[in-house]
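*Asks:* the following block contains a protein sequence and its predicted model.
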Amino acid sequence: MSDVTDFRGLGLRDELLAVLTDLGYEAPTPIQQESIPQMLTGSDLLGQAATGTGKTAAFALPLLNRLPQQDRGKLPTALVLVPTRELCIQVSSAIHRYGRAFDARTLPIYGGQPIGRQISTLKRGTDIVIGTPGRVLDHLNRRTLDLSNVATVVLDEADEMLDMGFAEDLDSILEQLPPQRQTVLFSATMPDRIRRIADRHLSDPITIEIGGKQQLDADRPKITQRSYLVPRAHKVAALGRLIDAESPEAALIFCRTRDEVDQLAEALNGRGYRAASLHGGMDQRQRSRIMAQLRNRNAELLVATDVAARGLDISHLSHVINFDVPSSPESYTHRIGRVGRGGKEGVALTLAEPREQRQLKFIQRITKQKIENSRVPSSADLRARWLDLTEEAVRDSAASPSEDSVYKAVLDNLSVDLDSDQIALAAIQIAHDALSPEIKGEDIPDLSEQWDEPRREGKGKQRHDRGKSRKDQSANSKRNRKGKDPRKVQRLFVSAGRNTGLRPQDLVGAIANETGLSGAEIGAIRISDRHATVEVPSQDAQRVIAALNKTRLKGNRVKVRVDRKPDYAHKGSRKRS
């Protein structure tokens, strides 16, 4: 690792150094120390670092450093690709702030914003374009974005872009860039698919990994991680207990699907919390209004899906809460990376159902991070905590007593009929009632000592099944393996096929992202030239239909309904393996 301890040793221009000083930047982070000198040489770069470690400045400063002082022309010299509109705005604002000494012309382009305004700005000229893959590709298809002069392209949060299904869009964009260019890829995680895209589009890249063995403990995000074992029926009540006990300044609560987001936000508001919801079904105006509520502290809780929350940067966010166990270690890493940024401390809490214990242990093993198994606070725990807070508040007030004569007059009047202990106890009770929320005495089972319960349940289940027929046991075994009863499957018709480039993994990804169904719950998929069918659990069929009819497959609107044909007989059909 580089031993450079200040920005002056990185080779940046004096104008940039002056801006960094004005902004209060004192020393580069490890990813900045390693990346900036390499980017300034023009080398391709493959960088890995956790969210919140300064990746934006790591690529923004070299991009600005290479801008000519005069005669820049109208065409952009740099392109930054990001997964979400929120991150697009955030990165654009940061580059504009760093580049004010150069009058750097930056343009964020993303969906949900009028494209005409973006086209007008592109015609006037810009230096650095920051965009989401979908909108960038839209401009390229319209021939309103000319990338022929781009010298550097940056893929920021590349793993998230792949998670969101942008792999083909990225390939299409990168193929339209000049072959003699610098390509820089940053990612919080480095799965094999990131390595593959790097092999295709990067030329002899320098690899920088900030994490694991190469990162000092002092540079790691300071995140306290705890998990709670809670039955499904009691999760909302348990979440309320945790919010009361933790008193977060602001918390981001993750759910799997849009429906779960809306339902949980409504349930929390019904319990007296200030909660807002955020998911992919909202337009840009709704999203902006919700983010303003959170940043202005008019809401304390934001309930969101993974896709909607990617790229969010909320300065006073103190807690991340997983209402369900994330589907993968990468998803868990991205979620908790919303807190503990910039050296601040954060808390990550996960509510796990008994059936999710194995997944949580897998995440803990892969991420090599300790997730402490904890007990949901009881009503007595909450009362004790609020009494402690009341005592602390009284001590603070006593340390700097009011000199207002009105309070002294009240005390004198009370002292005529009451002794000092009576007055003090009554005042403490009033203060406690004003400070503490209503504590709901709901009975939440304590499963904190049962982290190995699934194994014991499995043994008991085998003993219980001994009295059943072999036929029944075989049926149960098949249901357990598949995650569903094969006799209760509904086949759906989808008005898109091979002619639109539809693949089985596209259907699986869309259904999983929009409804939360796992791949194991999705049955046979058959694709013909013009349409396709997919089997889903019968109880989820209408939810899948509604979700897919609101989204796009391979960029196209589709119509989904229950398949009317008793048998599928399309020539050349394909079944998902």
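*Replies:* Nice, I can see it.
*Asks:* for this structure, which spans come out with low pLDDT?
*Replies:* 1-5, 51-52, 211-221, 307-313, 341-343, 401-405, 435-443, 445-487, 519-520, 565-577 (pLDDT under 70).
*Asks:* report the buried residues of the top helix by length along it.
*Replies:* In the chain, with assignment by DSSP state H, the single longest helix is helix 379-399. Going by neighbour count (16 or more other C-beta atoms under 10 Å), the buried part of helix 379-399 is 382, 385-386, 390, 394. (C-beta placed from N, C-alpha, C; glycine too.)
*Asks:* just the closest of these to A496, please.
*Replies:* Of all the buried residues of helix 379-399, L382 has the smallest distance to A496: 51.7 Å, by C-beta to C-beta.
*Asks:* now the strands for the stretch 351-500 of the chain?
*Replies:* Applying DSSP state E, counting those that start in this stretch to the stretch 351-500 of the chain gives strands spanning 372-374, 489-494.
*Asks:* so which elements touch the longest one?
*Replies:* What that stands for is strand 489-494. Packing partners of strand 489-494 (3 or more C-beta pairs under 8 Å, 6 or more residues apart in numbering; DSSP states H and E): strand 532-537, helix 541-549, strand 560-562.
*Asks:* partners of it, with directions?
*Replies:* Paired neighbours of strand 489-494 in the sheet (DSSP bridges): strand 532-537 (antiparallel), strand 560-562 (antiparallel).
*Asks:* then it to CSV, C-alphas only?
*Replies:* Provided in CSV are the C-alpha atoms of strand 489-494 (Å, rounded to 0.1, in the frame of the first residue of the first chain):
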residue,chain,number,x,y,z
VAL,A,489,-48.6,-24.8,-9.8
GLN,A,490,-50.0,-22.2,-12.1
ARG,A,491,-48.6,-21.7,-15.7
LEU,A,492,-48.5,-18.1,-16.9
PHE,A,493,-48.4,-16.8,-20.5
VAL,A,494,-45.8,-14.0,-21.3
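*Asks:* so who does S420 touch?
*Replies:* Shown in contact with S420 (C-beta atoms under 8 Å, 6 or more residues apart in numbering): no residues.
*Asks:* please read the previous query as pertaining to L23.
*Replies:* Taking C-beta under 8 Å, 6+ apart as the test, what L23 contacts is 97-98.
*Asks:* picking that back up, so which of the helices and strands packed on strand 489-494 is the most surrounded?
*Replies:* strand 532-537 (a mean of 23; mean count of other C-beta atoms under 10 Å).
*Asks:* I would like the residues contacting it, please.
*Replies:* In contact with strand 532-537 (C-beta under 8 Å, 6+ apart) are residues 484, 488-494, 496-497, 502, 507, 511, 517, 521-526, 544, 563, 568.
*Asks:* between the buried residues of helix 379-399, which is closest to L20?
*Replies:* Checking the buried residues of helix 379-399 one by one against L20 (C-beta to C-beta), the nearest turns out to be R385, at 42.4 Å.
*Asks:* so that closest one touches A245, yeah?
*Replies:* Yes - counting by C-beta atoms under 8 Å, R385 touches A245, with 6.0 Å between them.
*Asks:* now do the shared contacts for the two.
*Replies:* Joint contacts of R385 and A245 (C-beta under 8 Å, 6+ apart) are P377.
*Asks:* which residues sit against stretch 47-57?
*Replies:* Taking C-beta under 8 Å, 6+ apart as the rule, stretch 47-57 contacts 25, 28-32, 34-35, 58, 90-91, 94-95, 98, 156-157, 184-190, 207-211, 219-221, 333-334, 337-338, 340-342.
*Asks:* the residue nearest to L387 when sequence neighbours are not counted: neighbour count?
*Replies:* Closest residue to L387 apart from its sequence neighbours, by C-beta to C-beta, 6 or more residues apart in numbering: H432 at 6.7 Å. By other C-beta atoms under 10 Å, the residues close to H432 number 17.
*Asks:* correct me if wrong: H432 contacts D388.
*Replies:* No - assessed by C-beta under 8 Å, H432 is found out of contact with D388, at 10.5 Å.
*Asks:* spit out the contact partners of L317.
*Replies:* 249-252, 338-339, 346.
*Asks:* still on that earlier bit, quick one, which of the strands of the stretch 351-500 of the chain gets closest to A233.
*Replies:* When the strands of the stretch 351-500 of the chain are compared (using C-beta to C-beta), the closest one is strand 372-374, at 19.6 Å.
*Asks:* can you give me how far the closest one is from the chain middle?
*Replies:* Relative to its parent chain, strand 372-374 has a centroid offset of 22 Å by C-alpha atoms, centre = their mean, to the nearest Å.
*Asks:* make a ChimeraX selection of the buried ones in the contacts of stretch 47-57.
*Replies:* In ChimeraX syntax, the buried subset of the contacts of stretch 47-57 is picked out as below (16+ other C-beta under 10 Å):
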select :25,28,29,30,31,32,34,35,58,90,91,94,95,98,156,157,184,185,186,187,188,189,190,208,210,211,219,221,333,334,337,338,340,341
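*Asks:* just the ones of the contacts of stretch 47-57 in strands?
*Replies:* 184-187, 207-210 (DSSP state E).
*Asks:* make JSON lines out of the strands paired with strand 489-494 and add distance to L411.
*Replies:* Compiled in JSON lines, these are given as follows (distance: least, C-beta to C-beta, whole Å):
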{"stretch": "strand 532-537", "distance to L411": "68"}
{"stretch": "strand 560-562", "distance to L411": "72"}
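*Asks:* quick one: closest of those strands to G272.
*Replies:* Taking the strands paired with strand 489-494 one by one with C-beta to C-beta, strand 532-537 is closest: 35.4 Å.
*Asks:* can you give me the neighbour number for the nearest residue to R543 once chain neighbours are set aside?
*Replies:* Nearest non-adjacent residue to R543, counting by C-beta to C-beta, 6+ apart: T515, 5.6 Å away. By other C-beta under 10 Å, 22 other residues sit near T515.
*Asks:* one more: the one 3 residues further on?
*Replies:* For S518, the tally of surrounding residues (other C-beta under 10 Å) stands at 14.
*Asks:* returning to what we had before: among the contacts of L317, which are located in strands?
*Replies:* Per DSSP E, the contacts of L317 map to strands at 251-252, 346.
*Asks:* who wins for neighbours among these?
*Replies:* Among those, the one with the most neighbours (other C-beta under 10 Å) is A251, at 27 neighbours.
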